[in-house]
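>>> Give me a model of this one.
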Amino acid sequence: MTTRMDLTSRASRFLHCNLLKLIVLSYVLASTAPAPGLWIKDAAVVDLATSSGRVTITTPKLLLALLLLNAGLRAKLGRVGGIVRRPGMMLVGLAANLAVPLLFLTLMVPALRAWHNPDEAAVVLIGLALVTAMPIAGSSTGWAQAADGDMALSLGLVLGSTLLSPLTTPASLHVLGSIAPGHYGAELHRLAGSETGAFLAAWVLLPSLLGMAARFLLGEDRAEAVERRLRIVAPTTLLVLCYANASACLPEALGQPDWDFLGIILTFVGGLCISTFAAGYGVSRLVGADRGQRAALMFGLGMNNNGTGLVLASLALESHPLAMLPIIVYNLTQHLVAGGVDAILRRTHAD
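Alright, predicted model coming up:
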């Protein structure tokens, strides 16, 4: 048992310390050997015809549920009381998490309309619309913890955005659909339909709540023991999702690269990512946050649950696989920027 735990602990440390490199490796594998990834993406575990319609449960849906179940299990319920006692800063952070990306994309729509290829502009807009509409990533708590951030606030931002996502995600997509040009706006309105809210409720909200309920029933000590055994689950699941979904678009995007298209994706992705992290800093200054709260706000506002975005895009935009490309690039970029922010916070703390 001890040997097994030691192996799990070493594997967990390896995955945590090398996650960014492993994400890059998953993209390389998706580009060079996409066949297994495409099989994972399209595999249907359950496919039943019912009186109310067809019920299909795919491997990416199950992987997403596993990712969120694990995140819920890791939510230390003792910190929820701290969130309830001081909800003001959390509510400000959640409001900024919704408003800042929408403002960024609204301001960028004229530039996208001016782009010489309307289809490429649509891919960028739809991909980033899905990014901005997703709840806050659970990995933001890991970055906040590493930077000595306020963990009650960090957890509150993740839980709050997850609980609200069946409502806020469709609303965000409708707002962006109203400003997007032509049939691209109609595509975003279609994405914002009732199926998206139901998808988030079933595959994001419910697994998160089940994980939290499991922690409550197990008790903190037993939950900690289970969590130690499952530490490799979340990063492994994320890597498989990255590989499977990247297999649908990277071979085409990199096989005959369109450099100006890749350039506009990198420009908008980088601008959005830096803007959201900067917004976290700006909000922290506005509300008089201390250093720990500033770290929680910066990582919370800067990091989105792109695993959810990738699965939703793969299901809803199956005929437009390149729409996943901005999400894939954003997933890598947000971890790069998070690493830079972490280094800055550590340096300022040391000073």
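>>> Give me the below-cutoff pLDDT ranges for this structure.
1-6, 48-55, 77, 79-86, 181, 194, 319, 349-351 (pLDDT under 70).
>>> Torsion angles phi and psi at the residue most central in space within it?
The structure's the chain has its C-alpha centroid closest to N305; by Cα atoms, centre = their mean the separation is 1.3 Å. Per-residue torsions, N305: phi -80, psi 80 (degrees, to the nearest 10).
>>> Could you do P257 as well?
phi -60, psi 130.
>>> Now do it: how many residues are near it, please.
10 (other Cβ atoms under 10 Å). For the C-beta atoms, the positions are set from N, CA and C on the backbone; glycine is no exception.
>>> residues contacting the residue nearest to the centre of the chain?
M134, P135, I136, A137, G138, T162, V204 (Cβ atoms under 8 Å, 6 or more residues apart in numbering).
>>> and which of these is nearest L173?
Using Cβ to Cβ, M134 comes nearest to L173 of the contacts of N305, at 10.5 Å.
>>> isn't the closest one right up against N304?
Yes. Counting by Cβ atoms under 8 Å, N304 is a contact partner of M134 at 4.5 Å.
>>> how about JSON lines for the contacts of N305, with secondary structure added?
Shown next, in JSON lines, are these (DSSP: H, G, I helix; E, B strand; the rest coil):
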{"residue": "M134", "secondary structure": "coil"}
{"residue": "P135", "secondary structure": "coil"}
{"residue": "I136", "secondary structure": "strand"}
{"residue": "A137", "secondary structure": "coil"}
{"residue": "G138", "secondary structure": "coil"}
{"residue": "T162", "secondary structure": "helix"}
{"residue": "V204", "secondary structure": "helix"}
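>>> Tell me the one of the residues you listed nearest P326?
Nearest to P326 among the contacts of N305, with distances taken as Cβ to Cβ, is M134, at 12.5 Å.
>>> R113 versus that closest one, what's the distance?
Per Cβ to Cβ, to the nearest Å, M134 is found 24 Å from R113.
>>> Neighbour count: the two, which is higher?
Neighbours were counted for M134 and for R113 using other Cβ under 10 Å; M134 has more, 27 against 14.
>>> Look up how far G339 lies from that one.
According to Cβ to Cβ, M134 and G339 sit 20 Å apart.
>>> what's the answer for P257, then?
When distance is defined by Cβ to Cβ, P257 is 26 Å away from G339.
>>> cool, and G288?
The value you get for G288 to G339, if Cβ to Cβ is used, is 27 Å.
>>> A147 too?
Between A147 and G339 the computed distance is 11 Å (Cβ to Cβ).
>>> Give me the more crowded residue out of these two.
A147 (23 against 12).
>>> in terms of contact, does that one touch Q293 like I think?
No. Between A147 and Q293 there is no contact under Cβ under 8 Å: 11.4 Å.
>>> can you pull out the strands in the stretch 101-250 of the chain?
In the stretch 101-250 of the chain, no strands are found when defined by DSSP state E, counting those that start in this stretch.
>>> And the helices in the stretch 51-200 of the chain?
Under the criterion DSSP state H, counting those that start in this stretch, the stretch 51-200 of the chain contains helices at 59-74, 80-85, 87-113, 118-133, 139-146, 151-179, 182-191, 194-200.
>>> For G271, which of these is the nearest?
So among the helices of the stretch 51-200 of the chain, helix 87-113 is nearest, using Cβ to Cβ, at 7.1 Å.
>>> Which neighbouring elements make contact with the closest one?
Here helix 87-113 touches helix 118-133, helix 151-179, helix 259-286, helix 291-302, going by 3 or more Cβ pairs under 8 Å, 6 or more residues apart in numbering; DSSP states H and E.
>>> Would you check the distance separating it from the middle of the chain?
Distance of helix 87-113 from the chain centroid (Cα atoms, centre = their mean, to the nearest Å) equals 16 Å.
>>> same thing with stretch 253-268?
22 Å.
>>> Extract the C-alpha set from it and format it as CSV.
Extracted in CSV, the C-alpha atoms of stretch 253-268 (Å, rounded to 0.1, in the frame of the first residue of the first chain):
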residue,chain,number,x,y,z
ALA,A,253,-4.6,23.6,-39.2
LEU,A,254,-0.9,22.6,-39.2
GLY,A,255,-0.9,20.3,-42.3
GLN,A,256,-1.3,23.3,-44.6
PRO,A,257,-0.8,26.3,-42.2
ASP,A,258,-2.5,29.5,-42.9
TRP,A,259,-0.1,31.8,-41.1
ASP,A,260,-2.3,34.9,-41.1
PHE,A,261,-5.2,32.9,-39.7
LEU,A,262,-3.0,31.4,-36.9
GLY,A,263,-1.6,34.9,-36.3
ILE,A,264,-5.1,36.5,-35.7
ILE,A,265,-5.9,33.6,-33.4
LEU,A,266,-2.8,34.1,-31.4
THR,A,267,-3.4,37.9,-31.3
PHE,A,268,-6.9,37.7,-30.0
